[in-house]
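J.: fold the following.
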Amino acid sequence: MGKDAKAGGKGKGKQAAGGSDEAGSKGKGKSGKSSDGLGTCTYVKARHVLCEKQGKINEAYKKLQDGWLENGDKVPPAEFAKVAAEYSECPSGKKGGDLGWFPRGKMAGPFQEVAFATPIGATSAPFKSTHGYHIILCEGRKN
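T.: Numbering: from 1, shown residues only. You can find the predicted model right below:
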């Protein structure tokens, strides 16, 4: 899932995470990658749901909205994991969508951009990559 291609540098500056990246505000310049607009962290811990069809990812997202997002709440990782196990077509779905820690440059373009731009504890809106449609839950960042 997305591990076969590196980001081509396309659109890196457009997806800035703003001031919500706690880890990104520390150690400025340590990684030497702060100019890309995605913060200074070099690793993200994330879960995701991957579906081939847009309709299916929208169903999964609606389930998250109905439970938490429409109330402004954050989706608990255990609940996100249940949705991932039910809807995800990625092998990681069996592990609740857990991708563990991965470095910048490991995942394909749009996936990496969204993963590094999503605030810790937040869930992304559905988006498309070369592998299908995704929803990401960012669980952590580190250098």
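
J.: could you use CA atoms for every contact and neighbour count after this?
T.: Will do.

J.: tell me what the longest strand seen in the chain is packed against?
T.: Across the chain, the longest stretch assigned as strand under DSSP state E is strand 132-142. When contacts are defined as 3 or more Cα pairs under 8 Å, 6 or more residues apart in numbering; DSSP states H and E, strand 132-142 packs onto strand 43-51, helix 54-67, helix 77-87, helix 109-117, strand 127-129.

J.: so which bits of that strand are buried?
T.: 132-141 (16 or more other Cα atoms under 10 Å).

J.: relative to helix 109-117, how tilted is that strand?
T.: 40 degrees (axes from the mean of the first three to the mean of the last three Cα atoms, to 10 degrees).

J.: CA atoms only for strand 132-142, dumped as CSV, please.
T.: Provided in CSV are the C-alpha atoms of strand 132-142 (Å, rounded to 0.1, in the frame of the first residue of the first chain):
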residue,chain,number,x,y,z
GLY,A,132,-7.7,3.9,-4.2
TYR,A,133,-9.6,6.0,-1.6
HIS,A,134,-8.3,6.5,1.9
ILE,A,135,-9.1,7.9,5.3
ILE,A,136,-6.2,8.5,7.7
LEU,A,137,-6.1,8.8,11.4
CYS,A,138,-2.8,10.4,12.6
GLU,A,139,-1.7,8.9,15.9
GLY,A,140,1.7,10.6,16.3
ARG,A,141,4.8,12.4,15.0
LYS,A,142,8.5,12.2,15.8
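
J.: where does the protein dip in pLDDT?
T.: Along the chain, the model assigns pLDDT under 70 to residues 1-40.

J.: rerun at 80
T.: Residues of the chain meeting the criterion pLDDT under 80: 1-41.
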